Structures are given as C-alpha cells and as structure tokens.
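Chemist: how would this look folded up:
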Amino acid sequence: MRKLLIIALWALASVCVITLVTLPISLETQLVTGLCVLFAMMVLKLIRPDGIWRLVALAFGTAIVMRYVYWRTTSTLPPINQLENFIPGFLLYLAEMYSVMMLALSLFVVALPLPSRPSRANMNDRLPQVDVFIPTYNEDPDLLANTMAAARGMDYPADKVRVWLLDDGGTLQKRNSEKIGDANIAERRYAQLKKLSAELGVTYLTRDRNEHAKAGNLNNGLAHSTGELIAVFDADHAPARDFLKETVGYFDEDPRLFLVQTPHFFLNPDPVERNLRTFEKMPSENEMFYGIIQRGLDKWNASFFCGSAAVLRRAALAETNGFSGVSITEDCETAIELHSRGWHSVYVDKPLIAGLQPATFASFIGQRSRWAQGMMQILRFRFPPFKRGLSIPQRLCYMSSTLFWLFPFPRTIFLVAPLFYLFFDLQIFTASGGEFMAYTLTYMVVNLMMQNYLYGAFRWPWVSELYEYVQTVHLLPAVISVILNPRKPTFKVTAKDESIATSRLSEIGKPFFAIFGILLVGVFVTVWKVYAEPFKADVTLVVGGWNLINLIMAGCALGVVSERGERAATRRVKVSRRCDFEIGGRWLQGTIENVSANGARVLVFGANLEELAKDATAGIRFKLFADGTEAVLPVVIRNFERTTDSIAVGCLYQPTEAVHHRLVADLIFANSKQWEQFQLSRRGNPGLLRGTAWFLRLAIFQTYRGLVYFWRDLRGRTGGEPVATLAEKRQ
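Modeler: Below you'll find the model as predicted:
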C-alpha cells in the first residue's frame with residue numbers, strides 16, 4: 001500500500017511539473033518568472049545553502065531549465081525543408097540537449113553528496129598484509145626514490161607491508177632491443193633501479209615483455225605477490241605516513257569492499273593554473289572531481305578507481321583475472337567490472353598522496369586525450385547503461401563519467417554557431433531578441449547559478465568552460481578517432497617532473513590564435529550588420545553577444561598556451577618545522593618555511609650575509625616526523641635574502657645515498673595535514689557576480705599577454721628577438 005502511495009505521489013508531482021512546464025504564458029510573464037526564480041535561488045544561497053533548502057533551490061532552477069527545453073523543442077527549430085538552416089540548427093539543438101542531459105546527471109550525482117568520512121588513523125583496526133605497487137616506465141630514478149622512500153616510511157608494521165617497484169622500462173624485451181642505444185638505456189635503468197630498490201628496502205620486479213601497458217604491469221605484480229590488499233601509487237605519487245592507517249580499516253567493515261580511493265593532490269600547477277597564475281588563489285581543476293563528484297559517486301556506491309592513491313582487495317581482482325586492460329583507462333574499467341559483480345567501493349576525501357601533473361600544455365593535452373579516448377572505449381566495450389549487474393544509480397553515475405568526455409562536440413558547435421548567422425545569415429535559431437532574453441538568457445544564468453550551488457568553492461564561474469574550451473581543439477579529433485576505431489588508441493605515459501626554462505608559445509597553441517582571429521572578425525561583422533540591417537538589430541545583437549562571450553573565452557585561452565618560463569617543476573607547500581642549518585661548519589637555528597619536491601626555503605637566525613654563497617654546500621638538521629630522531633639532509637644554497645629578523649635561504653636537495661631520500665620523503669610527504677591546509681587556503685566561493693567580474697579581468701589581461709607572446713614569436717621567426725630571450729629580460 002505504501003509503495004502504491006509513493007508511486008501515486010510521484011505520478012501526481014510529474015503531472016503538475018509537466019503542466020507548469022508546458023503552460024502557455026506571455027514573454028513578460030516568462031521573464032518575470034525567471035527573474036523571480038533567480039532572486040529566490042540567490043536568497044536561499046545566502047540563507048540556507050545546504051540540506052533540503054539546497055534541493056529546493058535546485059528544483060527551482062530545474063523548472064526553468066525544463067521550461068527552456070520545452071520552448072526550445074517546440075518553437076525554435078528551423079523548418080525541416082530549409083536544410084541549410086535545419087542541419088546546423090538541429091546540431092545546435094542536440095548540443096544544448098547534451099548539456100541539459102549532463103546537468104541532469106550531475107544533479108543526480110552531486111545534489112547531496114556524502115559528507116567527508118571521519119579519520120580512521122587512531123582506530124584499532126586489524127592490520128592485513130599489504131603489497132604496495134609502484135608501476136614505472138620511464139620516470140627519473142630520483143623521482144622514484146622519493147616515492148619509494150615515502151612508501152617505505154608509511155606508518156604500518158614493517159612485516160605487514162611490502163613495497164614493489166614494477167619497472168616496465170627495464171624489461172627483457174627492452175634490454176634485448178635490436179636498437180643498441182635503446183637496449184643500453186634499458187640495461188642501465190635495470191641495473192640502477194635494482195640497486196636503488198635494494199638500498200631502500202623495496203622489491204624490484206620487471207617482466208619479459210611490455211604487454212597490456214600499465215594493466216599488464218600491475219597484473220605481473222599480482223602474480224608475484226600474496227598480500228591481502230594491494231595499494232597502488234603512480235611513480236610520482238608519494239604517500240603520507242598515515243595513508244594505510246586511513247584506508248585499510250574499511251575492508252574489515254565490508255567483506256564485499258574492493259576499493260578505497262583517495263584524492264590526488266598535486267604539488268605543481270597544471271598549465272592552465274601556471275600560465276594564468278591561479279594555483280595559489282583558486283582551487284585546482286581536479287578538486288571539483290575529488291572534492292565533490294567522487295563524494296557524490298560514493299553515495300551511490302559508484303566511486304571508481306583512479307589509477308593511483310587507492311587500496312584494492314586481491315580477492316576481488318582475482319574474479320576479473322586482475323586489472324582490466326581492454327581500454328587505455330584500466331582503472332575505471334576495472335571498477336565498472338567489479339561493481340557489476342556486486343563489489344563495493346569507498347571514497348575517503350582526504351589528500352593522502354602528493355604527486356606531479358603535466359607542466360606543459362602539450363603534455364596536459366596528451367594526458368586528457370588518453371582519458372577521453374579511454375572513457376570512449378569503456379562506453380563502447382562496457383556500455384554502462386546496459387552493463388549487467390550494475391544498479392540503476394550506478395548506471396547513471398558511470399554514464400555521467402563517460403559521456404562527459406563527449407564535450408568537445410557541443411563545445412565546438414557552441415563556438416561556431418553564432419558565425420553561421422554572422423557570416424552566412426543562416427537562421428539556425430528561430431527566435432526574436434525578446435524571446436532570447438526571456439528564455440535563453442534566464443536559462444543560462446540559472447544554469448550558472450546551479451553550477452555554483454553544486455560546486456561552490458570547488459569551481460569558480462566560467463572556469464569549467466575555459467578548461468573545456470582549451471581541451472576541445474585537440475580532443476575533438478582524438479575522440480572522433482577512437483569512435484571510428486575504438487581499438488586504435490595505445491597507452492602513453494604522461495610526462496612527469498617537467499619544467500619550462502624560458503617563456504614561449506606552446507608548440508600546439510597556434511590554432512587558438514586562428515580561432516581568436518575568426519571570432520574577432522565576427523565582432524566587426526556584428527557592428528556592420530547592426531548598422532546595415534537595423535530592422536534585425538535585436539537578433540544581431542543577441543548573436544553578437546554570444547560571439548563576444550566566445551571571444552572572451554578564446555582570448556583567455558591565448559594566455560593558457562603562452563607558456564611562462566619557470567625553472568621549478570613544483571610549487572612550494574607551506575610548512576613550519578624547526579631545524580638547524582649548517583653554514584661553514586657551524587650550526588644555526590632555523591625554521592623550514594616551505595618545501596617542494598626539489599628544495600626548501602629555510603629562515604636562518606643569527607647568520608650574516610657574508611657567510612653565504614650561491615651553490616655552496618650546506619645541511620639541514622631536523623627531527624623526523626616518523627620517529628622524532630634527528631638527521632641531516634645535504635643541500636646546495638641557490639639564493640638568499642635578508643628578512644626582518646633572519647636570512648631566508650633557498651636550498652636544493654642533494655641526496656647522495658638512500659637515507660637522504662628517506663629524509664626528503666619525510667620532509668615533504670610524511671604529513672598529509674599540510675596538503676589539506678593548502679587546499680583549504682585557496683577554497684572560497686566568490687559567487688556568480690564577483691566570479692564573473694574576476695574572470696573578465698583575467699581574460700582581458702591574458703588576451704593581451706597571449707598576443708604579445710604571438711607577436712614576439714613572429715619576430716623571432718622572421719629574424720627578430722625570440723620570445724624566450726625577451727621573457728628572460730622581463731624577469
């Protein structure tokens with residue numbers, strides 16, 4: 001009876017909603033209604049942004065979206081007998097419906113995400129046997145040494161954990177290559193990493209052949225190990241001391257749990273953050289996924305394996321013969337297969353690893369192309385909507401995660417659609433300026449408001465649109481390629497620990513300047529059409545305004561592809577640890593102010609500037625976070641300056657033996673709280689109005705900066721002074 005009552009209430013509510021959405025009203029009424037909804041959403045945001053009131057506000061917004069969809073479907077499509085208008089018009093309609101569908105899926109996933117789970121670090125959990133896998137292919141040994149040292153330094157009984165370096169760069173296949181140079185490199189790598197692993201207490205493992213990329217490498221590790229749980233860290237993902245203490249306890253609570261995933265925290269900015277200089281001020285792009293979306297997926301038992309910073313159950317992996325390798329995103333593919341077999345997952349929203357992400361725009365696009373192509377392969381070979389064994393919420397969650405990567409198609413259509421009218425006078429959107437204001441403009445603003453409700457401090461206004469635009473230009477052909485030939489893509493390792501010594505234009509940045517030029521021409525065409533055809537001025541101004549928004553986005557992207565010279569591969573994370581600093585044989589008191597993967601800044605008290613010299617050797621003595629004992633880390637002085645009551649010394653680590661890598665790992669990676677504090681320091685919700693004003697200022701400046709880089713690059717190509725040299729002079 002109760003079930004029938006619930007069904008009846010849902011049916012009644014659906015009828016009421018459909019009636020309201022399809023109710024014929026005047027433009028004035030539609031505009032007033034939209035403004036009232038916006039006002040109500042703003043008031044609710046100020047008063048009660050959480051719980052049931054959050055759902056009420058999202059429901060108001062959803063009503064406006066549905067009203068727009070009905071109007072868009074029934075009143076704006078060009079006549080089908082005018083193919084020159086109908087075809088591009090229908091493509092634009094499909095792009096908008098894709099956006100609405102993704103908004104609906106987002107609402108389902110993150111309308112009320114699970115709160116962050118409490119810490120388990122001090123709970124008396126059973127301590128199962130854990131194998132730690134660090135897969136590697138071509139990463140630098142020093143980078144691997146820090147990761148291995150951090151893994152060995154985790155707070156867990158030594159007899160219960162075994163760390164494995166799974167090396168795919170020193171396989172027998174590579175060492176026996178017909179190319180002597182490649183064979184010698186592989187042989188040296190094999191010997192060097194085997195020795196380094198032994199010094200750090202890590203088990204080195206390679207295999208005969210490079211088959212099935214990372215999935216094959218991990219499965220080789222499974223075949224040689226026996227631990228109940230498997231922890232996986234990418235080569236550049238070093239864990240904090242409390243990683244295992246915060247994660248392994250969940251497996252005893254649920255015998256069907258196959259995964260505990262934690263977020264990926266990065267010590268360095270991605271190219272967008274670095275070139276726009278937003279890393280210290282604005283949440284990183286990945287924080288929207290790890291801070292909100294994964295918690296939303298977790299609510300529906302659909303949080304998935306992200307390739308690293310996770311613990312998995314061996315018994316679950318045995319059901320699927322290890323990690324899946326049909327696609328080039330073996331992580332998500334493995335998760336969807338195990339979820340379909342009735343296994344569960346947990347997401348722990350606490351940064352417990354620190355890693356590196358691509359520094360150059362080209363590497364960034366290469367990484368995103370692999371993700372996009374891998375998700376398209378999963379959509380093709382696993383097809384979540386019809387995947388047997390998945391619950392309905394899990395199907396919707398995986399649809400959201402995979403279909404998202406189709407965004408290059410609608411983003412391209414939104415970019416070129418105004419130009420169809422401005423350049424070719426095609427009527428692909430049959431509406432007056434007043435109708436556009438009453439329906440489309442209110443829909444767009446409500447959409448932005450809903451995004452602000454959903455992601456708040458984790459994603460500022462217009463930033464998602466910028467990230468999608470800068471990826472679209474190169475991801476579109478990549479996605480088309482995998483749709484046409486789903487088995488073609490191969491796994492490519494993302495470049496790590498990169499740095500850009502001098503300022504320059506990205507080698508794949510030229511198309512963005514061409515697009516900017518075309519959109520700029522569209523602005524002049526808008527002005528001319530308003531003057532020449534005043535009877536169509538309302539429509540022309542609307543379309544011209546749309547093109548202007550595209551131009552602002554394209555201008556900001558010019559700054560993204562204008563690579564700033566920056567020698568350091570990683571940014572510094574603030575810490576505060578007492579130490580002693582050695583200068584010329586005497587020890588002085590100091591404080592370690594901040595650290596990075598390569599160096600530290602130390603405030604030294606009681607020193608004289610005359611005692612310091614650039615490139616001089618020195619030492620930092622500090623107490624280990626692990627056990628409180630003291631140790632000395634050798635460093636080289638890179639720079640120094642007088643402060644109010646001390647001398648600030650910039651140092652570069654100089655590890656010469658295995659114990660030094662343990663010290664670096666303890667200094668940077670041991671304390672996860674410092675990463676959490678850094679994330680919190682840059683989270684803040686500027687709101688829709690302030691966020692839009694901030695983005696507009698950013699876009700204007702980045703447009704100017706990008707055009708300056710482009711001009712200087714042209715001068716360099718025609719015999720003038722190259723952009724890198726000029727950038728160095730400015731610095």
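Chemist: what residue is smack in the middle of this protein?
Modeler: residue 286 (3.0 Å; CA atoms, centre = their mean).
Chemist: Do I have it right that that residue meets residue 273?
Modeler: No: checked against CB atoms under 8 Å, the pair residue 286 and residue 273 is beyond contact range at 10.5 Å. C-beta: built from backbone N, CA, C; applies to glycine.
Chemist: thinking again about what came up before, which residue is the nearest non-sequential neighbour of the residue nearest to the centre of the chain?
Modeler: residue 264 (6.0 Å; CB to CB, 6 or more residues apart in numbering).
Chemist: just residue 643 next, same as before
Modeler: Take residue 643 and drop its neighbours on the chain: the residue closest to it by CB to CB, 6+ apart is residue 603, 6.8 Å away.
Chemist: Tell me which other helices or strands the helix or strand hosting residue 362 touches.
Modeler: Applying DSSP states H and E as the criterion places residue 362 in helix 361-381. Secondary-structure packing of helix 361-381 (3 or more CB pairs under 8 Å, 6 or more residues apart in numbering; DSSP states H and E): helix 271-276, helix 330-340, helix 392-403, helix 463-484.
Chemist: Out of the ones you listed, which is closest to residue 696?
Modeler: With CB to CB as the measure, helix 463-484 is the member of these nearest residue 696 (12.1 Å).
Chemist: and that closest one, average pLDDT?
Modeler: The average pLDDT within helix 463-484 is 94.
Chemist: Could you give the separation of the following helix or strand past it from the chain centroid?
Modeler: Sequence order places strand 504-505 as the next helix or strand after helix 463-484, per DSSP H and E. Centroid separation for strand 504-505 versus its chain: 23 Å, with CA atoms, centre = their mean, to the nearest Å.
Chemist: One more: stretch 31-49?
Modeler: With CA atoms, centre = their mean, you get 31 Å for stretch 31-49.
Chemist: again, but for stretch 605-617
Modeler: For stretch 605-617, the distance to the chain centre is 40 Å (CA atoms, centre = their mean).
Chemist: And the contacts of stretch 617-625?
Modeler: With CB atoms under 8 Å, 6 or more residues apart in numbering as the contact definition, stretch 617-625 has outside contacts at 241, 577-583, 587, 590, 592, 600, 602, 629-637, 649, 651, 654, 663, 666-667, 670-671.
Chemist: Quick check on those: which are buried?
Modeler: 241, 577, 579-583, 590, 592, 600, 602, 631-635, 637, 649, 651, 663, 666-667, 670-671 (16 or more other CB atoms under 10 Å).
Chemist: returning to that earlier point: so the residue nearest to residue 286 sits right up against residue 294, yeah?
Modeler: No: the pair residue 264 and residue 294 fails to qualify as a contact (CB under 8 Å) at a distance of 10.3 Å.
Chemist: The residue nearest to residue 117 when sequence neighbours are not counted - how many residues pack around it?
Modeler: The shortest distance from residue 117 to any non-neighbouring residue, by CB to CB, 6+ apart, is to residue 348 (5.7 Å). Each residue near residue 348 was counted by other CB atoms under 10 Å, and the total is 26.
Chemist: shouldn't residue 348 be in contact with residue 260?
Modeler: Yes: applying CB under 8 Å, one finds residue 348 in contact with residue 260, separated by 6.0 Å.
Chemist: between these two, what contacts are shared?
Modeler: 247, 250.
Chemist: Packing partners of the helix or strand hosting residue 346?
Modeler: Assigned by DSSP H and E, residue 346 belongs to strand 344-347. In terms of contacts (3+ CB pairs under 8 Å, 6+ apart), strand 344-347 is packed against strand 257-261, helix 294-299.
Chemist: I'd like to know which of these is closest to residue 333.
Modeler: Once these are compared by CB to CB, strand 257-261 is nearest, at 13.0 Å.
Chemist: right, and the helix or strand after that closest one?
Modeler: Strand 257-261 is succeeded, C-terminally, by strand 265-266 (DSSP H and E).
Chemist: Remind me what that following strand packs against, helices and strands.
Modeler: Strand 265-266 packs on strand 353-355, going by 3+ CB pairs under 8 Å, 6+ apart.
Chemist: Give me the contacts around the strand it packs on.
Modeler: With contact meaning CB under 8 Å, 6+ apart, strand 353-355 is reached by 233-234, 236-240, 243, 262, 264-267, 308-309, 573, 597, 668-669, 675.
Chemist: Tell me the strands beside it, with direction?
Modeler: strand 238-239 (antiparallel), strand 265-266 (parallel) (DSSP bridges).
Chemist: average model confidence for that strand?
Modeler: Here the average pLDDT along strand 353-355 is 92.
Chemist: Residue 705 and residue 698, how far apart?
Modeler: 10 Å (CB to CB, to the nearest Å).
Chemist: same question but for residue 326, I mixed them up
Modeler: For residue 326, the distance to residue 698 - CB to CB - is 41 Å.
Chemist: Compare these two (neighbour count), which wins?
Modeler: residue 698 (21 against 18).
Chemist: in terms of contact, does the more buried one touch residue 556 like I think?
Modeler: Yes: counting by CB under 8 Å, residue 556 is a contact partner of residue 698 at 6.3 Å.
Chemist: average pLDDT for the longest helix along the chain?
Modeler: Assignment by DSSP state H gives helix 687-717 as the longest helix of the chain. Averaged over helix 687-717, pLDDT sits at 90.
Chemist: One more: stretch 516-529?
Modeler: Rounded mean pLDDT across stretch 516-529 is 95.
Chemist: Dump the helices and strands packed on strand 344-347 to a markdown table, plus mean neighbour count.
Modeler: Formatted as a markdown table, these follow (neighbours: other CB atoms under 10 Å):
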| stretch | mean neighbour count |
| --- | --- |
| strand 257-261 | 25 |
| helix 294-299 | 23 |
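Chemist: Need the ones you listed in TSV (columns: distance to residue 508 and mean pLDDT).
Modeler: Supplementary listing: those in TSV, determined by distance: least, CB to CB, whole Å; pLDDT from 0 to 100:
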stretch	distance to residue 508	mean pLDDT
strand 257-261	31	97
helix 294-299	30	95
